[in-house]
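Enquirer: My questions concern the predicted model and sequence given below.
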Amino acid sequence: MRSILRRWYALARGELWFPHVPLAVALAGGGLLLLQQDFGGHARAYLDALLHGRFDLPASLLPPLLIGGGMLIMAVGLLLRSRLAWTMATLLAITGAASLLFGQHLQSHLLLVYFALVLVALTVAWRQFDRSSVAASTLFAVTSVVMLLMYATFGAYYLGGEFKPEITDLITALYYALVTMSTVGYGDITPQTAESKLFTVSIIILGVAVFATSLTAVIAPMVSNSLQKIVNRKGSRMKRENHFVVIGNGSLAINTARELQRRGHPVTRLLRSAPEDAETRDGGMDIVVGDPNSTEVLKEAGAHRAQAVLAMMVDDSENAFVILAVKELGGKARTVAAVNDAAHLSRVKLAQPDVVISPQVLGGELIAMVMSGEEVTPDFVMKHVFQRAEQPVKT
């Protein structure tokens, strides 16, 4: 069944839309349902009152407004496969479920189950959200600042009578929120009660945390992208044609690349992240950093013009997906897939690589043969280490 699903996934170009698009739609739908449940048909009336300078929104509606609005914005981040957006979406789904569970909502059990299912789906698919883009990080930063600003402004407005002088309008509340969030503190408006003082402390703490986190979230992807461009620029000096593309950062991939290079063959290594070891980084090896399952990254590595593409990652399923992606590009490159688990051998063969190499699977047989006094012949080793994919697969 898993093999059939993987083939359907490849045929439907699932890497382009699944699971991030369905999850984004589900999260946005949850935000809309939450807003609809709390606001109902009064949303337009509240909006008209706000446009005319009146703010008649009850305090109990502020949390669902922030949660529902945040879900709609984070759905865009999920479309970008951002890990940061996934984290925020998970927190918002938990917060939304908690507000339904402990709030005074009637007939909200179906929406609570819906949020629980969204949480389960987000948890199962967390590996798919591994990107760190400037666009997604900027979206997170803007969303965090806007939500904090709304919390601080409306909170100051609701507690207006507990300040000196009193806060009686939204403009003054916005002014107090910005002055407090930025930790400027002119002192012209001061809290007088315990509740207003605790509220002010929360604004200061959240303001510092949000600004620091948002700044880090925006700068980190920029630095990471710059490093990847530097690494890829170093490797672009080699003409990527009639070469070998070795994918993976395990011992098998590293040793294969070294031996091919030692024999004078042009080699390009495709890594998911920038190499940490100085020998690989500075040893003149042509390196491309990116997602090995992406056809664009494979094109950048010249997989469609290579002599052979060797998928040697530790995850057998990823090796099979790489083989399918290489075949989609066309070209005359031979494909080699490494298998680390004997249980996956027949499944990897479904991707129809030219050669399946399974040295770790062979290790147990060799040890058993040596211990039993059986003769180990070169033909046996070649037959079991390199297994042709066109051999019939046992079912």
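Expert: That came through, no problem. Numbers count the residues shown, from 1 in each chain.

Enquirer: which stretches of the stretch 251-395 of the chain aren't confidently modelled?
Expert: Across the stretch 251-395 of the chain, the ranges flagged by pLDDT under 70 are 276-284, 360-363, 378-395.

Enquirer: quick one, strands of it?
Expert: All strands of the stretch 251-395 of the chain, identified by DSSP state E, counting those that start in this stretch, fall at 267-271, 286-289, 308-311, 334-338, 355-357, 386-388.

Enquirer: Then the stretch 51-200 of the chain?
Expert: Applying DSSP E, counting those that start in this stretch to the stretch 51-200 of the chain gives strands spanning 163-164, 190-191.

Enquirer: Can I get the ones you listed in CSV including mean neighbour count, distance to Arg240 and mean pLDDT?
Expert: Glycine gets a C-beta too; all of them are placed from N, C-alpha and C. What follows is those, written out as CSV (neighbours: other C-beta atoms under 10 Å; distance: least, C-beta to C-beta, whole Å; pLDDT from 0 to 100):
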stretch, mean neighbour count, distance to Arg240, mean pLDDT
strand 163-164, 16, 66, 92
strand 190-191, 16, 64, 92
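
Enquirer: Just put the ones you listed in JSON lines and tack on distance to Tyr176.
Expert: Shown next, in JSON lines, are these (distance: least, C-beta to C-beta, whole Å):
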{"stretch": "strand 163-164", "distance to Tyr176": "7"}
{"stretch": "strand 190-191", "distance to Tyr176": "10"}
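
Enquirer: So for Ala177, which of the ones you listed sits nearest?
Expert: Ranking the strands of the stretch 51-200 of the chain by proximity to Ala177 (C-beta to C-beta) places strand 163-164 first, at 11.9 Å.

Enquirer: Not counting its own residues, what contacts the closest one?
Expert: Residues outside strand 163-164 that contact it (C-beta atoms under 8 Å, 6 or more residues apart in numbering): 156, 176, 189-192, 196.

Enquirer: now the residues you listed: which count as buried?
Expert: 156, 176, 189, 191, 196 (16 or more other C-beta atoms under 10 Å).

Enquirer: Go through these and flag which are in helices.
Expert: Residues of these located in helices (DSSP state H): 156, 176, 196.

Enquirer: Contact partners for the second one?
Expert: Pointing back at Tyr176 there. 152, 156, 163, 167, 189.

Enquirer: same question, the last one
Expert: Ser196 makes contacts with 159, 162-163, as judged by C-beta under 8 Å, 6+ apart.

Enquirer: Which one of these is nearest to Phe18?
Expert: Distances from Phe18 to those, taken by C-beta to C-beta, are shortest for Leu159, at 46.3 Å.
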